[in-house]
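Colleague: Here is my input, please return the structure:
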Amino acid sequence: MKKNIAILMGGYSSEFDISIQSGNVVYKHLDKNLYNAFRVHITKDSWFYVDDDHQKTTIDKNDFSLHLDGSKITFDAAFNIVHGTPGEDGLLQAYFELIGIPQTACDFYQAALTFNKRDCISVLKPYGIPTAKNYFLNKGDFINTKNIINTVGLPCFVKANKAGSSYGVSKVKTEEELLPAIDIAYKEDDEIIIESFLSGTEVSVGVITYKGKDTVLPITEIVSENEFFDYEAKYLGKSQEITPARLNKEDEKKVKELALKVYQILKMKGFSRSEYIFHNGEPHFIEMNTNPGFSEASILPQQAIAAGISLQDLLNNTIEEAIKAGTQQTSEIK
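Modeller: Have a look, this model is predicted:
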């Protein structure tokens, strides 16, 4: 019998439209011989199923069910491809754990931790994971620009702490640019992280749970036409994404081992895509995305294909891993 799979897309953040694109790619490539796929849009106002004729039917949040043509439909698993809140910060993960439906992303604590750039870096540092120098600000804090520059130097990056990696980010070259950059970041979040500039090759490393094993995918090198890998570079074609990356064997080994170590320290599962910059010859951790973009041109699908994993196989595996984990968790509770 086919399993009912809800593909969750949308969300409450600036990444709504990108998530809808990702969700439609999942819907397109999901094996319809194995699964009944249901596109579910998550919005602040309502959660609803969208059929192929674009008709909407409200989801019952009490048990995440759907009433269609007089029948009640329940789901065997939820494919979580919501970028940003509530799909990448732990809220949806906690909801599905409470109602007992497996979902494909990492667990709620890991999602909340990795979505918070400051907390994630703070957890990784004691394990010796190299990162940029950083400075934290909360909205309302006194801003001492000279102290910030003395800590992180110039140029530096000002980022919203809990937002997608392409939103609320500015590269600052002078002290005069610092306050406007902070204002931009505060539009996305009330917490900010300011980081030192790391000069070197930037790479993106996908680590996934594949056939029960933590697996590092082929590395992607990021060559941005802009100052950094911003929204235009990531989504509007203003960058080259070279898979596999043009690294020597030693550097490839270094960053693969580091990415796997980070994945395992954080007790991750499902998809992840982490960014690293080779600074002074060593890969430095920047951040982790637990629901990375999933258009056909996105980095993680590129990496899977380079590893010989079709998108259909990748999606099927992700669903079955989630269901298996959910079954194991239920058995442990009993």
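Colleague: going forward, measure contacts between C-alpha atoms and count neighbours the same way
Modeller: Will do.
Colleague: do you know how far residue 70 is from residue 139?
Modeller: 50 Å (C-alpha to C-alpha, to the nearest Å).
Colleague: where along the stretch 1-150 of the chain do the strands fall?
Modeller: 3-10, 35-42, 47-50, 56-58, 66-68, 71-73, 77-80, 134-138 (DSSP state E, counting those that start in this stretch).
Colleague: helices or strands next to the second one in the packing?
Modeller: In this case it means strand 35-42. Applying 3 or more C-alpha pairs under 8 Å, 6 or more residues apart in numbering; DSSP states H and E, we find strand 35-42 packed against strand 3-10, helix 16-29, strand 47-50.
Colleague: can you do 10 Å?
Modeller: strand 3-10, helix 16-29, strand 47-50, strand 56-58, strand 77-80 (3 or more C-alpha pairs under 10 Å, 6 or more residues apart in numbering; DSSP states H and E).
Colleague: Ok, which of the strands of the stretch 1-150 of the chain comes nearest residue 269?
Modeller: Closest approach to residue 269 among those is made by strand 77-80 (12.7 Å; C-alpha to C-alpha).
Colleague: Now do that closest one: which elements does it pack against?
Modeller: strand 3-10, helix 16-29, strand 35-42, helix 91-99, helix 311-333.
Colleague: which of the ones you listed sits most buried?
Modeller: Stretch with highest mean neighbour count among the helices and strands packed on strand 77-80: strand 3-10 (a mean of 24; mean count of other C-alpha atoms under 10 Å).
Colleague: Next, the angle strand 35-42 makes with it.
Modeller: 30 degrees (axes from the mean of the first three to the mean of the last three C-alpha atoms, to 10 degrees).
Colleague: what packs against strand 3-10?
Modeller: Short answer (3+ C-alpha pairs under 10 Å, 6+ apart): strand 3-10 packs on helix 16-29, strand 35-42, strand 47-50, strand 77-80.
Colleague: cutoff 7 Å now
Modeller: Judged by 3 or more C-alpha pairs under 7 Å, 6 or more residues apart in numbering; DSSP states H and E, strand 3-10 is in contact with helix 16-29, strand 35-42, strand 77-80.
Colleague: how far out from the middle of the chain is that strand?
Modeller: 17 Å (C-alpha atoms, centre = their mean, to the nearest Å).
Colleague: ok, then the element right after the one helix or strand residue 240 maps to?
Modeller: Secondary structure assigned from DSSP states H and E places residue 240 in strand 239-242. Sequence order places helix 249-265 as the next helix or strand after strand 239-242, per DSSP H and E.
Colleague: After that next one, which helix or strand is next?
Modeller: Assigned by DSSP H and E, the successor of helix 249-265 is strand 273-279.
Colleague: With only the CA atoms kept, save that next one in CSV.
Modeller: Coordinates of the C-alpha atoms in strand 273-279 are reproduced here as CSV (Å, rounded to 0.1, in the frame of the first residue of the first chain):
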residue,chain,number,x,y,z
ARG,A,273,24.6,21.7,4.1
SER,A,274,27.4,23.5,5.9
GLU,A,275,29.6,26.3,4.6
TYR,A,276,33.3,26.5,5.2
ILE,A,277,36.1,28.9,4.2
PHE,A,278,39.7,27.9,3.8
HIS,A,279,41.5,30.6,5.8
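Colleague: hang on, the earlier thing: for residue 70 and residue 139, indicate the residue with more neighbours.
Modeller: Using other C-alpha atoms under 10 Å, the more surrounded residue of residue 70 and residue 139 is residue 139, with 13 against 7.
Colleague: How about the contacts made by the more buried one?
Modeller: 190-191 (C-alpha atoms under 7 Å, 6 or more residues apart in numbering).
Colleague: Then residue 56?
Modeller: 48-50.
Colleague: if we take those residues, which one ends up nearest to residue 153?
Modeller: residue 48 (47.4 Å).
Colleague: And for that closest one, the neighbour number?
Modeller: The burial count for residue 48: 21, using other C-alpha under 10 Å.
Colleague: Next: the one 10 residues further on.
Modeller: Taking other C-alpha under 10 Å as the neighbour definition, residue 58 ends up with a count of 17.
Colleague: any weak-confidence spans in the stretch 51-200 of the chain?
Modeller: 164-166 (pLDDT under 70).
Colleague: The strands of the stretch 1-150 of the chain into TSV, with extra columns for distance to residue 193?
Modeller: Listed next are the strands of the stretch 1-150 of the chain as TSV, based on distance: least, C-alpha to C-alpha, whole Å:
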stretch	distance to residue 193
strand 3-10	26
strand 35-42	28
strand 47-50	32
strand 56-58	38
strand 66-68	41
strand 71-73	44
strand 77-80	27
strand 134-138	5
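Colleague: between those strands, which gets nearest to residue 283?
Modeller: strand 134-138 (16.5 Å).
Colleague: Okay, buried residues for the closest one please.
Modeller: 134-135, 137 (16 or more other C-alpha atoms under 10 Å).
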